[in-house]
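Could you look at this predicted model? Sequence included:
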Amino acid sequence: MIPYGRQDVSDKDIAAVLEVLQSDFLTQGPAVPRFEAAAKAQCNVDYAIAVNSATSALHIACMALDLGPGDILWTVPNTFVASANVGIYCGADVDFVDTDPDTYCMSVAALEEKLTQAERDGKLPKVLVPVHFAGQSCDMRAIAALAGKFDIRIIEDASHAIGANYLGQPVGDCAYSDICVFSFHPVKIITTGEGGLATTKDPKLASRMELHRSHGVTRDPALMDQASEGGWYYQMVDLGYNYRMTEMQAALGVTQFERLSEFVDRRNALALEYDRKLADLPVTCPVQNPDSRSAFHLYPILVDNRAEVFARLRENGIGVNVHYIPVHTQPFWRARGFAQGDFPQSEAYYARAISIPLYFGLTEEAQDQVVSEIGRAVSF
């Protein structure tokens, strides 16, 4: 079976993890700061906070922005459920903005229309979470301009997009957001096994996220309400969580970061080959915004008779997947008042979408096999 995605782990990666296992620190040692330094260099920001998943990063980002009961978070239906769930974790209400029919990212036109109505209704969001789907950045300049009119805070969900560029700058530089979040799951561009990270330019937001990832506990005298009682002393000054990244994960991430450009270049080359090889088949290939360079976490195509095509591809050794079932159609969210038909562009995309294999180690022969089987499946 050719998988839709997989990690690429080198001997150097393995050696880095082994070195940690033989060291004095398996957690809270020097590897996590090195990983954060690599992220800061990549994204050209002053602060990077590593955690155990992108969901955790999204959660502490919302907490840092004081999202809570009575507030509203908006994201898109075309994402993994975590992008919306973090609003519920904070006690906020959640709503969605439909996606662009070409890029499958947040639609600027839909956002503008929804903000106009929300202003009339007195239901403007406090936090907006645009999702950089499949590795391609949303139109963040336009989104930030709209959000800025209403003092809405922005968290970029860039779980798919480490190594991507927007307007010539790295995704994660927070030029148009307060915080940006990445994922390092094994099928992403680089991996730490499980893991996530948040970047920001704001020292206060960084400090709050650092606090919330580790129980709300601090040894920093500046954050305590009384003098330290000794070298053992700490205080819990806020409610936090155990969201720390391990040293093994971080060590793997450091060596993976060294190959980030290589990974992204290879994925872009494979995507261009798919564009060429699928051009004569009755499928729709992903559209790329000329203002951005995708990291190509995914290569989603649109087909007719999706269920049948999906089944035929799986039966013939092509490990395709679907990203994503629109969040608002899940039972949990239907119970909160959402319904089929609420976000037609996201639903129309989902009805035809298949993510085909795309990963660093995909060979030319395997890619040709994928294309050949797609041709058979859609012509059946």
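Thanks, I have the structure now. Residues are numbered from 1 along each chain as shown.

From here on, just use CA atoms for contacts and neighbour counts.
Noted.

Rounded mean pLDDT for the host helix or strand of T255, please.
For T255, the element it lies in under DSSP states H and E is helix 247-257. Helix 247-257 comes out with an average pLDDT of 98.

try stretch 108-125
Per-residue pLDDT over stretch 108-125 has a mean of 98.

go on, stretch 215-232?
Computed over stretch 215-232, the mean pLDDT rounds to 91.

Any idea how far apart the tips of it sit?
Counting by C-alpha to C-alpha, to the nearest Å, you get 16 Å between the two ends of stretch 215-232.

in it, what counts as buried?
H215, G216, V217, T218 (16 or more other C-alpha atoms under 10 Å).

among these, which are in strands?
V217, T218 (DSSP state E).

Count the neighbours of the residue nearest to S292 when sequence neighbours are not counted for me.
Leaving aside its sequence neighbours, S292 sits nearest to Y166 (C-alpha to C-alpha, 6 or more residues apart in numbering; 4.3 Å). Neighbour count of Y166, defined by other C-alpha atoms under 10 Å: 22.

sorry, back to before: can you list the buried residues of stretch 215-232 in CSV and add distance to M1?
Below are the buried residues of stretch 215-232 laid out as CSV (distance: C-alpha to C-alpha, whole Å):
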residue, distance to M1
H215, 42
G216, 45
V217, 46
T218, 48
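
quick check, nearest of the buried residues of stretch 215-232 to L278?
Nearest to L278 among the buried residues of stretch 215-232, counting by C-alpha to C-alpha, is H215 at 50.0 Å.

And the strands in the stretch 201-350 of the chain, which stretches?
Counting by DSSP state E, counting those that start in this stretch, the stretch 201-350 of the chain has strands at residues 217-218, 235-236, 292-293, 299-302, 318-319.

Tell me which of these lies nearest to F25.
Taking the strands of the stretch 201-350 of the chain one by one with C-alpha to C-alpha, strand 217-218 is closest: 19.5 Å.

In PDB, list the C-alpha atoms belonging to stretch 303-316.
C-alpha atoms of stretch 303-316 as PDB (Å, rounded to 0.1, in the frame of the first residue of the first chain):
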ATOM      1  CA  VAL A 303     -13.400  13.600  -8.400                       C
ATOM      2  CA  ASP A 304     -17.000  12.600  -9.300                       C
ATOM      3  CA  ASN A 305     -18.300   9.500  -7.500                       C
ATOM      4  CA  ARG A 306     -15.800  10.000  -4.700                       C
ATOM      5  CA  ALA A 307     -16.900   6.900  -2.700                       C
ATOM      6  CA  GLU A 308     -16.400   4.600  -5.600                       C
ATOM      7  CA  VAL A 309     -13.100   6.100  -6.700                       C
ATOM      8  CA  PHE A 310     -11.800   6.000  -3.100                       C
ATOM      9  CA  ALA A 311     -12.700   2.400  -2.700                       C
ATOM     10  CA  ARG A 312     -11.100   1.400  -6.000                       C
ATOM     11  CA  LEU A 313      -7.900   3.200  -5.200                       C
ATOM     12  CA  ARG A 314      -7.700   1.600  -1.700                       C
ATOM     13  CA  GLU A 315      -8.400  -1.900  -3.300                       C
ATOM     14  CA  ASN A 316      -5.500  -1.400  -5.700                       C
END
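
quick one: low-confidence parts of the stretch 1-150 of the chain?
Counting by pLDDT under 70, not a single residue of the stretch 1-150 of the chain qualifies.

Looks to me like L111 is in a helix.
Yes - under the criterion used here (DSSP: H, G, I helix; E, B strand; the rest coil), L111 sits inside a helix.

which residues touch the nearest residue to it once chain neighbours are set aside?
Closest residue to L111 apart from its sequence neighbours, by C-alpha to C-alpha, 6+ apart: V97 at 6.0 Å. With contacts defined as C-alpha atoms under 8 Å, 6 or more residues apart in numbering, V97 is in contact with W74, T75, V76, P77, M106, S107, A110, L111, K114, F343.
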